[in-house]
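In: Task: produce atomic coordinates for the following.
(2 chains)
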Amino acid sequence: MNTPLLAAHGLSVDIAGRRVVRALDLDIAPGQRLAILGRNGAGKSTLLATLAGLREASAGRIELAGTPYARLTPRAAALHRAWLGQTQADPFGSTVLETALTGRHPHLGRWDWESTHDADLARSALAAVGLGSMETRQIHTLSGGERQRLAIATLLAQAAPLYLLDEPLAHLDLNHQMAVLELFASAARDCGAGIVMVLHDPALAHRFCDRALLIDGEGNCELGAVDAVLTAEKLSALYGYRLHQFAHDGQRCFVPD
Amino acid sequence: MPNRRRAFLILAVLVLLALASFWTALAAGSIPLAAADIFSALLGREAPGADIVRQLRLPRALAGFACGGLLALAGALMQVLLRNPLADPYILGISGGAGVGALFAIMVGLPALGVDGLAFFGALGAMVLVFGLAHGDGSWTQTRLLLTGVIVAAGCGALISLMLVIAPEDRLRGMLFWLTGDLGQAISPWPPMLALSVALLLAMPFARELNLLARGLMQAQALGVAVNRLRLAIFLLASLATAASVTTAGSIGFIGLVVPHLVRLATGNDQRLLLPASAVAGGALLLLADTLARTLIAPQQLPVGVLTALIGVPVFLFLLSRQGK
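Out: Numbers count the residues shown, from 1 in each chain, chains lettered A, B, ... in the order given. Just a heads-up that it's a prediction; the model follows:
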């Protein structure tokens, strides 16, 4: 059997002394797509940062491509997984292309400068998110949605086999939401990338992922195939608000009561 | 697109500017010297005014260049460490600590070496204090570091005021000169020159990682930077560079704040270019300011810190007003 891109065993996550995830077992094989859903403050982002090795787990172990984070240098980890955070703040100016090129950092030696090959990769990543014509723009002139797409382009330039995405659709308008989800779906389908993403829309999660993880913030997690987990009954309980489920062309949509 | 050749070109231009400011510093003064005589003096031959060049102007010029370079480098590093464009080398209380040590030494009448010794000791004390308090619970966040530094600096400021009030009249002038910064008090140019070379050599291998650090700690870590180790190293490096400069020439203001901004405005924010360019430009600017300080109303000398502030304040306000638009 192939080594999964990411594996967690008995993983527990605490926020300020409160256990939000208890004894989670999870693995992501190449090509798999997992959605994480839960209420605000349930610990979705914290769980994702823990899975990315950016935060200590309270219990359990996490292996990235078969190796625990403790035995990986930050640079080696960056070659195996890319992480999209929720905020991008830049106190200093920078251009769009320079920002996308930062994704190439783990691929470069200490004294290397970005080569034309790196620039080509960054440019095609920018083109993939529709920012191809903006490479010389200063980033503080971009809109929120453009910043988000730039962060995604930086991630694509990093070219890691596993993407950990914290609310990848934040600030995006509808057509860019679909474009970004299609982009990662094709990365999983065509390049065997593993995807874990925190989403707020269960219908999009059902359409673009094959498994879903519901976390309720009390430590309970439910992991399973999207068809089994993303149902009106379970989601109503998860969000504490009654949802109705409709089917359309094999897709599900959920409408609040 | 960041590019090694462009960086070398810009650095070469800056080095030429620095050489020009060296030349001005050697030629200008109460006794103007001819170019041929300066060359002979530098090559160690006998010439009119050779002693002035070799024993007075050259050591002072080297010390000025080194201090300016150290301050600008430390300022650039502090701005990245705190991710705050308004950070300067003194923001974390290093110069406050040095000031307390130096003023105490002047007040009790220690010789120049004692003043330098206590200044360096005070700077180290402030550094250890800030680090210990900010790092105490392991959280080590930018805000906590910044607040701790500002509070330690404020405490040092109070001690300095206290000493100025109780000091005997005849020591006050020396104390004020130290506080505004004055290259006349430099004993030897070699310690700060050595410090500048070492600091630059240690910082450069991490320049690309600093680019990432400026964009956010988690982002930098996710892209492969050992963030906590790097931040500690940068804190120590910037603090020691500041301490070396402050020990040599007192707390000269504004070089460390303004020069990184000027360079950033002209060349962009790539630390691989920003760090060395700031060091060279800071050195050249301080050297120029010091030459003005000792020639403007000669034979009376102005403290160079007053001149850098007088140049720095309007330049910085101008930059700030432009940034808003």
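
In: Quick check: closest non-adjacent residue to the residue of the stretch 151-257 of chain A found nearest chain B.
Out: Relative to chain B, the nearest point of the stretch 151-257 of chain A is residue A:158 (6.9 Å; Cβ to the nearest Cβ). Placement of C-beta: from N, CA and C, glycine included. Closest residue to residue A:158 apart from its sequence neighbours, by Cβ to Cβ, 6 or more residues apart in numbering or on different chains: residue A:103 at 3.9 Å.

In: Check whether the one you found really touches residue A:151, as I assumed.
Out: No. With contact defined as Cβ atoms under 8 Å, residue A:103 does not count as touching residue A:151 (9.6 Å).

In: count of neighbours near residue 22?
Out: Using chain A here. If you count neighbours by other Cβ atoms under 10 Å in any protein chain shown, residue A:22 ends up with 18.

In: right idea, wrong chain: chain B
Out: Neighbours of residue B:22 (other Cβ under 10 Å): 22.

In: Roughly how far does it sit from chain A?
Out: As judged by Cβ to the nearest Cβ, to the nearest Å, residue B:22 and chain A stand 29 Å apart.

In: what's the answer for residue B:76, then?
Out: For residue B:76 relative to chain A (Cβ to the nearest Cβ), the value is 11 Å.

In: And residue B:294, by the same measure?
Out: From residue B:294 to chain A the distance is 36 Å (Cβ to the nearest Cβ).

In: pretty sure that residue is in a helix, no?
Out: Yes. Counting by DSSP: H, G, I helix; E, B strand; the rest coil, residue B:294 is found in a helix.

In: That one reaches residue B:303, doesn't it?
Out: No. Applying Cβ under 8 Å as the test, residue B:294 and residue B:303 come out as separate, 10.2 Å apart.

In: buried residues in the longest helix seen in chain A?
Out: Using DSSP state H, we find that the single longest helix of chain A is helix A:174-191. Buried residues in helix A:174-191, counted by 16 or more other Cβ atoms under 10 Å in any protein chain shown: A:176-177, A:179-181, A:183-185, A:187-188.

In: contact partners of that helix?
Out: Helix A:174-191 is contacted from outside by A:31-33, A:128-130, A:145, A:149, A:152, A:156, A:161, A:163, A:165, A:168-169, A:172, A:193-195, A:197, A:204, A:207-208, using Cβ atoms under 8 Å, 6 or more residues apart in numbering or on different chains.

In: what stretches of chain A score poorly on pLDDT?
Out: Chain A contains residues with pLDDT under 70 at A:1.

In: Centre-most residue in it?
Out: Centroid-nearest residue in chain A: residue A:165, 1.3 Å away (criterion: Cα atoms, centre = their mean).

In: just checking, it touches residue A:197?
Out: Yes. Assessed by Cβ under 8 Å, residue A:165 is found in contact with residue A:197 at 4.0 Å.

In: From what I see, residue A:210 and residue A:35 are in contact.
Out: No. Using Cβ under 8 Å, residue A:210 is not in contact with residue A:35, being 9.1 Å away.

In: Residues in contact with both of these two, list them for me.
Out: Listed as contacting both residue A:210 and residue A:35 by Cβ under 8 Å, 6+ apart are residue A:226.

In: could you point out which element follows the longest helix of chain A?
Out: Using DSSP states H and E, the helix or strand that follows helix A:174-191 in sequence is strand A:194-198.

In: That next one near chain B at all?
Out: No. In terms of Cβ under 8 Å from any Cβ of the partner chain, no part of strand A:194-198 sits within range of chain B; the closest distance is 13.6 Å.

In: Pull out the buried positions in that strand.
Out: By 16+ other Cβ under 10 Å, the buried positions in strand A:194-198 come out as A:194-198.

In: Equivalent analysis for stretch A:38-58, please.
Out: A:38, A:42-55, A:57-58.
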